[in-house]
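Student: build the 3D model from these lines:
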Amino acid sequence: MDGSLGVDHVWLRRLQRALDETECPASLDDALRPLMARFPQEIDAGDLQAAVDGQRELWRDLLYSAAGGFDLPTSYLVDWAVSICVYTLSDPMVFKVVNREMFNSDRRTPGMSGGVSDGLRACLPYIRFLIEPSKHCPRAMCSARRCAAASSMRGCGPGFPGAKAQLRCACAPGNPE
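Tutor: A predicted model of the protein is given here:
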């Protein structure tokens, strides 16, 4: 498919395979490290670390209390919530880098390899980590399509750069509880 209309199923298959081959990092820091190393001109490592550390501090207790408005179980990691917030930041613009690399215009050029670029490979650990919150969302926080916790984080939207099938909550219809 040339990408002008519809779903590019070949690209979706290649992307899914690359995601499946990418191990989920143990922490958000581990997930962001390749991204920061590959794109230092666009993602200032110091600024991003300050944003991550600040959001972790803010949400460390807030996520687990009813008074904070989330009342998540302690099994829901702070880093999962922060990973969603990182994607929505306007500075540094992580979403811009990830989205650009996800598109990979070479995949739509006849005769090109159409594979996963080195730039996208640097994004895959973060993308893989970003998928995790939807797998662990408590039933009470879910809608049919995505984790309500992800969409209601103060100052953060649900943002996910692709692979929509994986964004469903673990408790959504068709997914195991």
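
Student: check the secondary structure at the residue nearest the centre of the chain for me.
Tutor: What sits nearest the mean C-alpha location of the chain, by CA atoms, centre = their mean, is L130, with 2.9 Å. Assigned by DSSP: H, G, I helix; E, B strand; the rest coil, the conformation of L130 is helix.

Student: surely it and T88 touch.
Tutor: No. Contact status for L130 versus T88: not in contact, 11.0 Å apart, counting by CB atoms under 8 Å. The way it works is simple: take the backbone N, C-alpha and C, and place the C-beta from them, glycine included.

Student: now the closest residue to the residue nearest to the centre of the chain other than its chain neighbours: which helix or strand?
Tutor: Leaving out its chain neighbours, the residue that sits closest to L130 by CB to CB, 6 or more residues apart in numbering is S83, at 5.1 Å. Secondary structure from DSSP states H and E places S83 in helix 78-88.

Student: right, and the helix or strand after that helix?
Tutor: Using DSSP H and E, the helix or strand that follows helix 78-88 in sequence is helix 94-103.

Student: run the chain-centre distance for that following helix.
Tutor: Here the centre of helix 94-103 is set off from its chain's centre by 11 Å, with CA atoms, centre = their mean, to the nearest Å.

Student: next, the buried residues of that helix.
Tutor: For helix 94-103, burial by neighbour count (16 or more other CB atoms under 10 Å) applies to V94, F95, V97, V98, R100, E101, M102, F103.

Student: and which of those residues is nearest to C24?
Tutor: Taking CB to CB as the measure, C24 lies nearest V98 of the buried residues of helix 94-103, at 16.1 Å.

Student: identify the residues contacting the nearest residue to D118 once chain neighbours are set aside.
Tutor: Spatial nearest neighbour of D118, excluding adjacent residues (CB to CB, 6+ apart): R38 at 7.5 Å. The contact partners of R38, by CB atoms under 8 Å, 6 or more residues apart in numbering, come to D118, G119, A122, C123.

Student: low-scoring stretches of this protein, by residue?
Tutor: Scanning the chain for pLDDT under 70 picks out the ranges 1-5, 106-114, 139-177.

Student: can we see that at 50?
Tutor: Applying pLDDT under 50 to the chain picks out residues 1-3, 144-177.
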